[in-house]
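J.: Quick one, structure for this:
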Amino acid sequence: MATDDRLRRLRAALLEVSAETLRAGVRNVSEDTIRAMTAQSRPLVNQLKRASNPADLLRRVPNPQVVAVVADQVADESLEVIRALLGDNADDPTKEQLLEALEKVLELFDVSVVRVMLATVAVADAEASDLCDELLTTDERFVLPDVAPAAPEHATSAKAGPSEDVLAKRRARKEAERERKARERAKAAAPKGKKQKPAGSSTAVSDTEPPPAPPLATRRRPTHVPAGFDVDDPLVGAVVLAHIGFDDDLGAKTRPAVVLAASDDELFVRPCYSEGGLHSRRWQSHELRDWHLAGLTKPTWIDPDARAIARSDADREPIGRITDDDWNALL
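T.: Now for the predicted structure:
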């Protein structure tokens with residue numbers, strides 16, 4: 001997962017490209033991509049598309065998801081070229097191979113664009129991420145200037161929309177409102193005092209009788225589960241920390257994962273990814289609404305592709321469970 005330092009370097013790299021290059025990157029963000037972004041990010045992209053100087057807005061409102069999406073567009077062509085130059089070594093090049101390819105890429109693209117390309121790979125969950133980040137901090141051609149601090153909220157709210165702090169307070173109010181409504185629904189479903197039998201009956205229903213159970217939320221059952229997996233296992237719906245292999249089978253990383261089904265020896269899971277990485281920008285990925293209730297510490301996206309892992313590759317105790325709403329949206 002991308003660190004705060006890497007995200008800051010990505011933003012700094014993006015702010016170093018020419019105004020024309022930045023405007024082109026903003027224009028190339030598709031409507032499908034915008035619709036797949038979070039609610040607080042979409043208005044900012046639309047403001048960037050209308051801005052004569054998008055860099056000014058990005059300096060004032062450093063939204064990580066917006067920065068990552070625009071950076072993808074700026075870096076797209078140079079990334080395709082360097083992957084072609086690296087060939088079979090594109091996913092996990094050595095430092096020497098990468099430096100040799102960069103010499104040729106720098107003949108075709110401005111160093112500021114190549115810097116954005118390196119920073120984009122650095123924030124992704126890829127084998128080459130650490131190597132690209134190393135170049136950004138040690139190679140004098142790519143070392144980034146300090147990131148300018150964001151302006152205070154009152155200086156930007158009128159033009160750039162609400163700040164992250166204001167949005168966080170709104171989310172907290174919405175969460176409190178959902179909890180209040182849930183309490184009201186539970187209260188409405190509870191017995192309303194002593195009940196009487198129909199007229200003519202000599203006895204009343206005892207107040208000591210247990211109240212009726214509240215209606216259970218309907219959770220969808222997982223489909224397309226491999227044979228031998230149990231969708232009623234107690235771990236189904238839990239979030240566990242698991243050792244997940246990369247898509248190219250070269251290496252693995254410990255990350256949260258949602259359990260869809262389980263067998264004696266394996267778990268069928270969908271991995272979780274944090275905001276800013278490539279997986280969080282795939283429109284097929286599901287953004288968890290209640291990530292904090294799932295035991296997670298930051299906004300999280302769920303990979304659309306499920307995979308089987310050994311039970312021994314996951315912690316025995318889950319860190320949380322996803323809510324019914326998120327579970328049903330996930331399926």
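J.: quick one: low-confidence ranges for this structure?
T.: Filtered on pLDDT under 70, the chain yields the residue ranges 1-2, 145-178, 180-217, 247-251, 276-284.
J.: longest strand in it, by residue count?
T.: Under DSSP state E, the strand in the chain containing the largest number of residues is strand 252-262.
J.: so how far is it off the chain centroid?
T.: Strand 252-262 sits 15 Å away from the centroid of its parent chain (Cα atoms, centre = their mean, to the nearest Å).
J.: buried sites along it?
T.: Within strand 252-262, the residues that qualify as buried are 255, 256, 257, 258, 259, 260, 261, 262, counting by 16 or more other Cβ atoms under 10 Å. (Each C-beta comes from the backbone N, C-alpha and C, glycine too.)
J.: which residues pair with the last one across the strands?
T.: Same thing as residue 262. Beta-bridge partners for residue 262, by DSSP bridges, are residue 230, residue 267.
J.: and it, what is it in contact with?
T.: 229, 230, 233, 235, 236, 268, 311 (Cβ atoms under 8 Å, 6 or more residues apart in numbering).
J.: Let me see the contact set for the nearest residue to the first one once chain neighbours are set aside.
T.: Beyond its immediate neighbours in the sequence, the residue positioned closest to residue 229 (Cβ to Cβ, 6 or more residues apart in numbering) is residue 261, lying 3.7 Å away. Under the criterion of Cβ under 8 Å, 6+ apart, the contact list for residue 261 reads 222, 225, 226, 229, 230, 231, 233, 236, 267, 268.
J.: The same query, at a cut-off of 10 Å, please.
T.: 221-222, 225-226, 228-233, 235-236, 267-269, 306, 308 (Cβ atoms under 10 Å, 6 or more residues apart in numbering).
J.: Can you flag which of the residues you listed belong to strands?
T.: Using DSSP E, the contacts of residue 261 in strands are 267, 268, 269, 308.
J.: Save those residues as TSV, and put in neighbour count and distance to residue 92 too.
T.: What follows is the ones in strands among the contacts of residue 261, written out as TSV (neighbours: other Cβ atoms under 10 Å; distance: Cβ to Cβ, whole Å):
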residue	neighbour count	distance to residue 92
267	26	27
268	25	27
269	27	24
308	17	24
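J.: ok, the residues you listed vs residue 121, which is closest?
T.: Of all these, residue 121 sits closest to residue 269, with 25.7 Å by Cβ to Cβ.
J.: list the contacts for that closest one?
T.: 235, 238-240, 242, 244, 256-262, 302-303, 306-309, 313-314.
J.: For the stretch 201-331 of the chain, which segments count as helices?
T.: All helices of the stretch 201-331 of the chain, identified by DSSP state H, counting those that start in this stretch, fall at 324-330.
J.: repeat for the stretch 51-200 of the chain
T.: So, for the stretch 51-200 of the chain - with DSSP H, counting those that start in this stretch - the helices run 54-60, 64-86, 95-105, 111-123, 129-138, 153-160, 164-189.
J.: Against which helices or strands is the fifth one packed?
T.: Counting contacts by 3 or more Cβ pairs under 10 Å, 6 or more residues apart in numbering; DSSP states H and E, helix 129-138 is packed against helix 4-16, helix 95-105, helix 111-123.
J.: thinking residue 12 is in contact with residue 142, fair?
T.: No. Applying Cβ atoms under 10 Å, one finds residue 12 not in contact with residue 142, separated by 11.1 Å.
J.: anything in contact with each of these two?
T.: The contact lists of residue 12 and residue 142 share 115, 119, 136, where a contact means Cβ under 10 Å, 6+ apart.
J.: Any of the contacts of residue 261 buried? List them.
T.: For the contacts of residue 261, buried by 16+ other Cβ under 10 Å: 222, 225, 229, 233, 235, 236, 267, 268, 269, 306, 308.
J.: For the residues you listed, give me JSON lines that also has distance to residue 47.
T.: Below are these laid out as JSON lines (distance: Cβ to Cβ, whole Å):
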{"residue": "222", "distance to residue 47": "40"}
{"residue": "225", "distance to residue 47": "43"}
{"residue": "229", "distance to residue 47": "46"}
{"residue": "233", "distance to residue 47": "47"}
{"residue": "235", "distance to residue 47": "44"}
{"residue": "236", "distance to residue 47": "42"}
{"residue": "267", "distance to residue 47": "43"}
{"residue": "268", "distance to residue 47": "42"}
{"residue": "269", "distance to residue 47": "38"}
{"residue": "306", "distance to residue 47": "37"}
{"residue": "308", "distance to residue 47": "44"}
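J.: how's this structure carved up into domains?
T.: 4-138, 155-187, 238-330 (automatic domain parsing).
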